[in-house]
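Peer 1: let me see the structure of the following:
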Amino acid sequence: MIFGIDLTALLPFIAVGFAAQMVDGALGMAFGVISNTLLLSLGVPPAMASAGVHTVETFTTAVSGISHALHKNVNWKLFLRIAIPGVIGGALGAYVLSNIHAATAKPFILAYLTAIGIYLLWRSRHYPPQERSPKIVEPLGLAGGFLDAAGGGGWGPVVTSNLLVQGSSPRMTIGTVNTAEFFVTTTISATFITQLGWGAFTLATVGLLIGGVIAAPFGAMLAKRVDPKRLMLMVGVVLTVTSLYNLYLAVR
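Peer 2: Next up, the predicted model:
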């Protein structure tokens, strides 16, 4: 017992935060999806899980973003093109979630992300493609920010996967999307806190925060060292598996 916190109750949440952030830092997606799924399986109520994960992501994305920048994994021109619309989309999504039930659209979003995941699996078998500058960027930032707030996750899966599909470099895409996510998540978290107060900051949130911050620098190191073909394959696997599982939960 430290500062009135039972460490044995905290450890499962630290482990979840560490595992989820290692995947997210290396692949540019899935902290929210993995954390939400595992928290729900540990018995955390859905609303508290979503709000808590967004609060934690404010801190983990700050550490992850700094680490990616130090490892030269960030394309700053691309960063501006996704971060600004992402912040606008995030604010809109948080507002919509506070006033309208967004669950109706979730199965369609997850089906789309599953299809993207399968396409990335196919692409990884035919790597290397001709690397090229992505053309559709700003709408991805807007949609990714909106869906991340309204659907409880989606910034990485929507933005990272679609940039990769357009031929963007895996390492630079992952680093740039992770760095931009800090600004998007901070906007979403601030909106949720005005709606829910600090009640979202539970024991689960503290555990996720500790595990996530510890893992954040290592994810950026992995993204820099892992072969791009393998990186794209891993993104495809994580996106397909998590999207299919959450699609099953959404339609059952």
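Peer 1: only C-alpha atoms from now on, for both contacts and neighbour counts.
Peer 2: Will do.
Peer 1: any idea how far the residue lying closest to residue 81 once chain neighbours are set aside lies from residue 80?
Peer 2: Nearest non-adjacent residue to residue 81, counting by Cα to Cα, 6 or more residues apart in numbering: residue 138, 5.6 Å away. Distance, residue 138 to residue 80, using Cα to Cα, to the nearest Å: 9 Å.
Peer 1: still on that earlier bit, what residues are up against the residue nearest to residue 81?
Peer 2: 81-82, 85 (Cα atoms under 8 Å, 6 or more residues apart in numbering).
Peer 1: which one's the longest helix in the chain?
Peer 2: helix 170-196 (DSSP state H).
Peer 1: packing partners for that one?
Peer 2: Packing partners of helix 170-196 (3 or more Cα pairs under 8 Å, 6 or more residues apart in numbering; DSSP states H and E): helix 7-27, helix 46-70, helix 76-99, helix 155-165, helix 203-225, helix 228-251.
Peer 1: got the angle between the least confident helix or strand in the chain by mean pLDDT and helix 155-165?
Peer 2: None of the helices or strands of the chain scores lower by mean pLDDT, DSSP states H and E than helix 31-41, at a mean of 74. Interaxial angle of helix 31-41 relative to helix 155-165 (axes from the mean of the first three to the mean of the last three Cα atoms, to 10 degrees): 140 degrees.
Peer 1: quick one: residues contacting residue 141.
Peer 2: Here residue 141 is in contact with 81-86, 89, 155, 159 (criterion: Cα under 8 Å, 6+ apart).
Peer 1: buried residues in the least confident helix or strand of the chain, which are they?
Peer 2: 31-40 (16 or more other Cα atoms under 10 Å).
Peer 1: just the element for the spatially closest residue to residue 239 that is not a sequence neighbour, please.
Peer 2: Excluding its sequence neighbours, the residue lying closest to residue 239 (Cα to Cα, 6+ apart) is residue 117, at 5.1 Å. For residue 117, the host element (DSSP states H and E) is helix 106-125.
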